[in-house]
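K.L.:
what would the 3D arrangement of this be:
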Amino acid sequence: MHSETAYEITTVPLQPSPTHGAMLPHEIPPGVQLVTLPGGIRTLAYTQPPAVPAPQPVPIAQPIPTWAKTTALLTPTIGGGIAATGIGLSYAAPGLIAMSQALWAAVALIAAGAIALPLLLGIGRSRTGRTAPAHITQNITATGLFGRATGTINHH
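P.N.:
Numbers count the residues shown, from 1 in each chain. Next up is the predicted model:
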């Protein structure tokens, strides 16, 4: 095991004495054994049990995070909502096509009205004989903050 020991082992020879007898095997405390040293001397010594590898720690199950539970519960709901939307759009497709055609017809009507209305108004004015619109000037005067206002209107 070790080439040098840090301390010297001293032993007393095992001889029964009149005051002290030899230890009986049942008197030896746990962990103490009778060992033979390299010099041939037998003595009692504490021995270490063979090294047992430490047991591997058992992984502890971690609780599932709340966000993961929420996401897992919402996933079927969102998927079902998307599926219902797709089915609803497939049933509504003919109506949506008709509505889009009606909207395009309304846009065309507005565009035609924007072009035709000025032309029709221009034809109506030219038939009445007036070529230029009437000019009206108005002059208003007042004295003071709460004074009475007077004015004149001139037609040209």
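K.L.:
who does Ile153 form a beta bridge with?
P.N.:
Here Ile153 sits in beta bridges with Gln138, as judged by DSSP bridges.
K.L.:
so it sits against His135, correct?
P.N.:
No. The pair Ile153 / His135 is not scored as a contact, 11.3 Å apart, by CB atoms under 8 Å. Using the backbone N, CA and C atoms, a C-beta is placed for each residue, glycine as well.
K.L.:
and the residue most central in space within the chain, helix, strand or coil?
P.N.:
The chain has Trp67 as the residue nearest its centroid, 7.7 Å off, counting by CA atoms, centre = their mean. Using DSSP: H, G, I helix; E, B strand; the rest coil, the structure places Trp67 in helix.
K.L.:
Tyr91 too?
P.N.:
Secondary structure for Tyr91, judged by three-state DSSP, is helix.
K.L.:
around it, how many other residues sit close by?
P.N.:
The local packing of Tyr91 (other CB atoms under 10 Å) involves 9 other residues.
K.L.:
per-residue pLDDT, it?
P.N.:
The model reports Tyr91 with a pLDDT of 91.
K.L.:
for Ile41, see how far away it is.
P.N.:
Going from Tyr91 to Ile41 by CB to CB, to the nearest Å gives 102 Å.
K.L.:
which residues touch Val32?
P.N.:
Neighbouring residues of Val32 by CB atoms under 8 Å, 6 or more residues apart in numbering: Leu44, Ala45, Tyr46, Thr47.
K.L.:
quick check: it vs Asn139, distance?
P.N.:
For Val32 relative to Asn139 (CB to CB), the value is 132 Å.
K.L.:
again with Val52
P.N.:
For Val52, the distance to Asn139 - CB to CB - is 117 Å.
K.L.:
how about Arg42?
P.N.:
Taken as CB to CB, the span from Arg42 to Asn139 is 142 Å.
K.L.:
could you do Pro94 as well?
P.N.:
66 Å.
K.L.:
related to what we said a few turns ago, of Arg42 and Asn139, who's got more company?
P.N.:
Between Arg42 and Asn139, counted using other CB under 10 Å, the more crowded position is Arg42 (12 against 9).
K.L.:
give the closest residue to the more buried one in space, chain neighbours not counted.
P.N.:
Thr36 (5.1 Å; CB to CB, 6 or more residues apart in numbering).
K.L.:
since that was my last question, I'll sign off now.
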